[in-house]
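# here is my input; please provide its structure:
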Amino acid sequence: MTILTTLFVILLCVALYHHIGYPLLLKCVSTKKVKPVKPAQYDENTLPNIAILMCAYNEQAHIAEKLHNLASLVYDTNHYTIHVYFDGCTDKSYQQALKAQQVLHKQGVKCFFHFRDENQGKVQGLNTLMGVAKYHNDILLFTDVSALLSIDALDKVAQQFSDPKVAISTGVYTLDENAPDAQKAYWQYQNKVKKSESNLGAVIGVPGAMFAMRAEYACELEKNTINDDFVLSMKALSKGGKAIVDEEVVIYECECDEQSEDYKRRVRVGAGNWQQIKALLLLLNPRLGWTCLNFFSHKVLRGVMPVILAGIYVCVFLEALVSQSLWSELIAAAILSLHTVQAIKTLFEIKKRIPIVDKVNYILNSYFLALWGIIRYEQGYFNNPWQRVKTASKKPTKSVIKIIKRSLDITGALFALSLVWPVCLIAALAIKLTSKGPIIFKQLRVGESSDDFVELFYVYKFRSMVVDAESRSGAVWASKDDPRITAVGRFMRKTRIDELPQLINVLKGEMSLIGPRPERPVFYGKLEKDIPYFCQRTYGVKPGISGLAQVMNGYDETIDDARSKIGWDYAYSLSMSSPRAWAKLEFSIVLKTLQVVFTGKGQ
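The predicted structure is shown next:
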C-alpha cells in the first residue's frame with residue numbers, strides 16, 4: 001500500500017465517520033426519547049420575561065409581516081418585548097416597520113427600534129441589543145426577519161426553560177416549498193442530526209432564524225465573528241448547560257435563496273466554521289461529556305472537511321497518474337463524471353433533476369466553496385459588515401458563471417499541479433544550476449477591481465531573468481531578444497513553464513486560470529493615460545495565467561501591444577453575460593493555450 005493510498009483511506013474514514021458513522025452513533029445512543037417537559041405552573045409574577053432581538057438590513061419585503069407574526073404569538077404581552085436594530089438600511093425597511101409598530105402598540109405589544117445610519121454589521125447590532133435587554137429579561141430570543149415562528153413559540157420556550165439545566169432552545173427549521181431540493185435535503189439531514197443531539201442535551205449549532213438562551217449566558221461577540229448564532233449558543237454550552245430542540249416549535253423560512261445565493265452563503269459559512277474551531281476549543285473539554293464529543297464530531301470535522309475533501313481529491317488523482325491503480329482511476333473517473341454533469345446542467349440551464357447526482361454535487365460544491373471561504377478568511381476578507389446575501393443589483397447569470405469558474409479554477413489548479421510537479425522540479429534545478437539568485441521570482445501586480453477596491457497581490461513565477469534585471473533600467477517591458485533573459489529563462493518563456501507557480505496564486509484566489517493579464521502597478525498610470533478605460537479590464541474579473549489576449553497577442557512589449565490587447569480583454573468579459581458564449585470561449589482559450597505550450601510559440 002502506497003503512502004497516497006494510506007492517506008486516502010485515513011481521510012475517507014474520517015469523512016465517512018462524520019457523514020454516516022456519527023449520525024448512526026447518535027441514533028444508537030439517543031433512542032431513548034427525552035421525557036416531555038412537565039408544563040410549568042406560571043403565574044403573572046413568575047412568568048419569565050422574554051426579549052426578542054432582531055437585526056435588519058434592507059428587509060422591506062418581510063419586516064412588516066415579521067412584526068405582525070411576533071405580535072400574534074401566544075404569550076402575555078406584559079412579559080415580552082421586541083427590539084429591532086436597523087443596521088444602516090438603504091431601502092424602506094424602517095418606514096414599513098413604523099407602520100407595523102403603530103398596530104403593535106394598539107395591541108399592547110412593546111416594540112422598540114434602534115436605528116443606525118451606517119451599516120456596522122450584524123455583530124455590532126447583536127452586541128447593542130444584548131446590552132439593552134440582558135439585564136431586564138430572563139430569556140433572549142434571537143430571530144431573523146425572514147423567518148416566521150409558530151404561534152405558541154414563546155410559550156414553548158418558556159416551558160423548556162423551566163428546566164434549570166437548559167441553556168439553549170430552538171425549533172425545527174423548515175424551508176419554503178419553493179426552495180431548491182438540494183437545500184431541503186440538506187436541512188432534513190441537519191434536523192435529524194439535531195434531534196438526536198437534543199436527546200442527549202447537546203445540540204451543536206442552532207439555526208440563526210430562531211434560538212433562545214438564558215440572558216445570563218449572553219456575552220459580547222468579537223467584532224469579526226462570522227457565525228454569530230453558533231458562537232453565542234456554544235459559549236453558553238461551554239458553561240455546562242443543555243441545548244435542546246423543541247420539535248413542536250416550527251421556524252418557517254419565507255425567503256428562498258437561488259442556488260447561486262446559497263453558494264455565496266456557503267463561502268461565508270465555511271469561513272465561519274473555520275473561525276469557530278479556533279474560538280471554541282474550550283468545548284473540547286472531556287468534562288463536558290456529549291457536548292465535547294458532539295462538537296468534535298459535528299462541527300470540528302465539518303469545519304476541516306473541505307480540507308479533508310481536497311486531500312482526498314489530490315490523493316485520488318495523484319495515485320491515478322503516478323501508480324495508475326485501478327481503484328484510483330475508477331474513483332477519478334466517477335468524480336470527473338459527477339462534476340461534468342453538474343457543469344453541463346448549469347451552463348445550459350437544464351432543469352431535469354437527477355436526484356442522487358444533484359445531492360452529491362450539492363454537498364461537494366458546498367465543501368469546495370467552504371474551502372474557498374477558509375482561504376479568504378485566512379487572507380482577511382471577512383472583516384466587512386454583515387449584509388444580505390440576496391441583492392437586486394447583481395446579475396444572477398454572471399454570478400453563476402463566477403461560481404462555476406472558481407470551482408473550475410480550484411479543480412484545474414489542483415489537477416495541473418498533480419501533473420506538472422516533475423516539470424517544476426526540473427525547472428527549479430535548471431535555474432539553480434545555471435544562474436545565481438532565487439528560483440521563484442515574485443512581482444507586485446494589479447488584481448480584480450470593484451467600485452471601491454482594487455486588489456494588489458504578488459504574482460509567482462520561475463525566475464527567467466538575471467538577478468536585479470531592472471536595477472539600472474528601472475521597470476521596462478521585456479523585448480523579444482532581451483539580454484536580461486537567461487538561456488533557461490528563454491526556453492521557459494517560450495513554453496510558458498515560467499508561469500506554472502501562478503497555480504498557487506489561483507488556489508489563493510488572487511488569479512484565475514483564464515482571465516486578463518495581471519499588469520504591474522508601475523505601468524498603470526501611463527497605460528490608463530494612453531488607453532482609455534484600461535483599468536476597467538479587470539472590473540469584476542480576476543486576472544488569469546492565460547487568457548484571450550495572451551493567446552492572441554503574446555507578451556506586451558509596447559503600449560501599442562497593450563492597446564491591442566484591451567479589446568480581447570473586454571470581449572472575454574462580455575462573454576460572461578451568457579453561459580454558452582462563456583463556455584465556448586473558455587474552452588477555445590484552453591485549447592489555444594495548450595497549442596502555445598506544446599509548439600513553443602510563447603516569447
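
# following the lowest-mean-pLDDT helix or strand in the chain, which helix or strand comes up?
Evaluated with mean pLDDT, DSSP states H and E, the helix-and-strand set of the chain has its lowest mean pLDDT in helix 521-530, which scores a mean of 68. Moving toward the C-terminus from helix 521-530, the next helix or strand (DSSP states H and E) is strand 544-546.

# would you mark the buried spots in the helix or strand just after that following strand?
Going down the chain from strand 544-546, the next helix or strand is helix 548-553, by DSSP H and E. Of the residues in helix 548-553, those buried under the neighbour-count criterion (16 or more other Cβ atoms under 10 Å) are 548-551, 553. C-beta: built from backbone N, CA, C; applies to glycine.

# what do you get for stretch 317-329?
317-320, 328-329.

# that stretch: end-to-end distance?
Using Cα to Cα, to the nearest Å, one end of stretch 317-329 lies 8 Å from the other.

# mind listing residues that contact it?
Stretch 317-329 has contacts (Cβ atoms under 8 Å, 6 or more residues apart in numbering) with 2, 4-5, 8, 315-316, 331-332, 414-415, 418-419.

# can you do 6 Å?
Counting by Cβ atoms under 6 Å, 6 or more residues apart in numbering, the neighbours of stretch 317-329 from elsewhere in the structure are 4, 316, 332, 418.

# same check, this time on stretch 268-277
The contact list for stretch 268-277 (Cβ under 6 Å, 6+ apart) reads 226-227, 230-231, 300, 302-303, 370, 373-374, 377, 382.

# which of these count as buried?
Buried residues within the contacts of stretch 268-277, defined by neighbour count using 16+ other Cβ under 10 Å: 226-227, 230-231, 300, 302-303, 370, 373-374, 377, 382.

# what comes up buried for the helix ranked longest in the chain?
In the chain, taking DSSP state H as the definition, the longest helix is helix 396-434. Residues of helix 396-434 classed as buried under the neighbour-count rule (16+ other Cβ under 10 Å) are 398-415, 417-418, 424, 427, 430-431.

# neighbours around the closest residue to Leu301 other than its chain neighbours, how many?
In this structure, Leu301 finds its nearest non-sequential neighbour in His18, 4.2 Å apart by Cβ to Cβ, 6 or more residues apart in numbering. A count of nearby residues for His18, using other Cβ atoms under 10 Å, gives 19.

# what score does His18 have for pLDDT?
Per-residue confidence (pLDDT) for His18: 95.

# show me the shaky parts of the stretch 501-603 of the chain.
Within the stretch 501-603 of the chain, the stretches with pLDDT under 70 are 524-536, 553-565, 600-603.

# OK, contacts around Val14?
Residues Ile308 are the ones in contact with Val14 under the rule Cβ under 6 Å, 6+ apart.

# how many other residues sit next to Lys122?
22.

# quick check: it touching Ala56?
No: contact between Lys122 and Ala56 fails when scored by Cβ atoms under 6 Å: they sit 9.8 Å apart.

# which one of the buried ones among the contacts of stretch 268-277 is nearest to Ser575?
Checking these against Ser575 with Cβ to Cβ, the nearest one is Gly373 at 27.0 Å.

# just give the nearest non-adjacent residue to the closest one, would you?
Computed as Cβ to Cβ, 6+ apart, the closest residue to Gly373 that is not its neighbour in sequence is Gly270, at 3.2 Å.

# give me the element the one you found is part of.
Assessed by DSSP H and E, Gly270 sits inside helix 259-279.

# can you give me the buried ones in the next helix or strand after that helix?
Of the helices and strands lying after helix 259-279 in sequence (DSSP H and E), the nearest is helix 290-294. Going by neighbour count (16+ other Cβ under 10 Å), the buried part of helix 290-294 is 290-294.

# whichever helix or strand comes after helix 290-294 to helix 396-434, inter-axis angle?
On the C-terminal side of helix 290-294, the nearest following helix or strand under DSSP H and E is helix 301-322. With axes from the mean of the first three to the mean of the last three Cα atoms, to 10 degrees as the basis, helix 301-322 and helix 396-434 are set at 60 degrees to each other.

# report the mean confidence score over helix 301-322.
Predicted confidence along helix 301-322 averages 93 (mean pLDDT).

# buried residues, the helix holding Gly270. List them.
Within helix 259-279, the residues that qualify as buried by neighbour count (16+ other Cβ under 10 Å) are 260-264, 266-277, 279.

# show me how far it is from its chain's centre.
In terms of Cα atoms, centre = their mean, to the nearest Å, the gap separating the centre of helix 259-279 from the centre of its chain is 4 Å.

# mean confidence score for that helix?
Summarised as a single mean, pLDDT over helix 259-279 is 83.

# what do you get for stretch 29-44?
Here stretch 29-44 scores 66 as its mean pLDDT.

# Lys223 in helix, strand or coil?
When the structure is split into helix, strand and coil by DSSP: H, G, I helix; E, B strand; the rest coil, Lys223 lands in coil.

# Val123 versus that one, what's the distance?
Lys223 sits 6 Å away from Val123 when distances are taken as Cβ to Cβ, to the nearest Å.

# more neighbours, the two?
Neighbours around Lys223 and Val123, counted as other Cβ under 10 Å, are more numerous at Val123. The numbers are 20 against 12.

# check contacts around the more buried one.
Taking Cβ under 6 Å, 6+ apart, one finds 221, 223, 225, 228 in contact with Val123.

# distance of it from Tyr217?
Using Cβ to Cβ, one obtains 17 Å as the distance from Val123 to Tyr217.

# please apply the same query to Gly540.
From Gly540 across to Tyr217, the span is 43 Å (Cβ to Cβ).

# so for the two, which residue has more residues nearby?
It is Tyr217, of Gly540 and Tyr217, that has more neighbours when counted by other Cβ under 10 Å, with 18 against 15.

# tell me how many other residues crowd Ala94.
Heads up, residue 94 is Tyr, not Ala. Residues contacting Tyr94 under the criterion other Cβ under 10 Å number 16.

# element containing it?
Using DSSP H and E, Tyr94 sits within helix 93-106.

# and Asn45, by the same measure?
Applying DSSP H and E, one finds Asn45 in no helix or strand.

# who are the contact partners of Leu237?
For Leu237, the contacting residues are 243, 291, taking Cβ under 6 Å, 6+ apart as the criterion.

# what are the ranges of the strands in this protein?
Taking DSSP state E as the test, the strands found in the chain are 50-56, 80-87, 110-116, 139-143, 147-149, 166-175, 210-214, 242-253, 440-449, 454-462, 512-514, 544-546.

# out of the ones you listed, nearest to Gln96?
Taking Cβ to Cβ as the criterion, strand 50-56 is the member of those that comes nearest to Gln96, at 9.9 Å.

# and that closest one, how far from the chain's centre?
26 Å.

# flag every buried residue along it.
50-56.

# and what of stretch 327-340?
Of the residues in stretch 327-340, those scored as buried under the neighbour-count criterion (16+ other Cβ under 10 Å) are 328-329, 331-332, 335, 339.
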